[in-house]
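Trainee: The sequence and its predicted three-dimensional model are supplied below.
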Amino acid sequence: MAISDMPMLSALRTKMQWHQERQRVLAENVANSDTPKFRPRDLVEPKFDKVGGPAAGGGMGQLPMMRAQGVNISPAGASATFAQNNRVGYETRPAGNAVNLEDEMLKVSANQMDFAAASSLYSRSLGLLKTAIGKR
């Protein structure tokens, strides 16, 4: 087995490929921000198990809020899940376009930062493994 075929490095490589493809999809959304009846698209993030392989369950649900020992104070009117601030839909303009440039640009910058973190972790892990086996 090659060093780059290890499950953790393979998962990081898959994650970087996903970020690359997501950047392409988000760029299409921005480019079509004035196209009539265009709906923005996004990709579903890949899920991995503890070993680094694809997760069997697939999608991630909402996490319920839990109380530790019943002493936590909950704010008035708080939602029962952490996903309370997620927007459900997009505002559609009269031409039928639903692209919100501010949201898309936030997604683009978050995607760039996540890709940079994954690529840095990949290169450092690969370098550490090469050092450990004496090839560096």
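Mentor: That came through fine. Numbers count the residues shown, from 1 in each chain.
Trainee: C-alpha from now on. contacts and neighbour counts both.
Mentor: Noted.
Trainee: Count the neighbours of Q23 for me.
Mentor: Using other CA atoms under 10 Å, Q23 has 20 other residues around it.
Trainee: er, T92 actually
Mentor: T92: 14 neighbours (other CA under 10 Å).
Trainee: Determine the three-state secondary structure at it.
Mentor: coil (DSSP: H, G, I helix; E, B strand; the rest coil).
Trainee: How about the contacts made by it?
Mentor: The neighbours of T92, taking CA atoms under 8 Å, 6 or more residues apart in numbering as the test, are 98-99.
Trainee: Apply 7 Å and report the result again.
Mentor: By CA atoms under 7 Å, 6 or more residues apart in numbering, the contact list for T92 reads A98.
Trainee: how about the helices of this structure, start to end?
Mentor: For the chain, the helices defined by DSSP state H occupy 7-31, 101-133.
Trainee: Only the buried residues of the last one, if you could.
Mentor: To tie it back to what came earlier, the one meant is helix 101-133. Across helix 101-133, burial judged by 16 or more other CA atoms under 10 Å covers 104, 107-108, 111-112, 115, 118-119, 122, 125-126.
Trainee: got it, and stretch 30-46?
Mentor: 30, 32-33, 37-40.
Trainee: Need the max-distance pair from those residues.
Mentor: V30 and K37 (13.8 Å; CA to CA).
Trainee: Any stretches of the chain with poor pLDDT?
Mentor: Across the chain, the ranges flagged by pLDDT under 70 are 1, 3-4, 50-90, 136.
Trainee: what do you get if the cut-off is 90, keeping everything else the same?
Mentor: 1-11, 33-34, 37-39, 45-100, 126-136 (pLDDT under 90).
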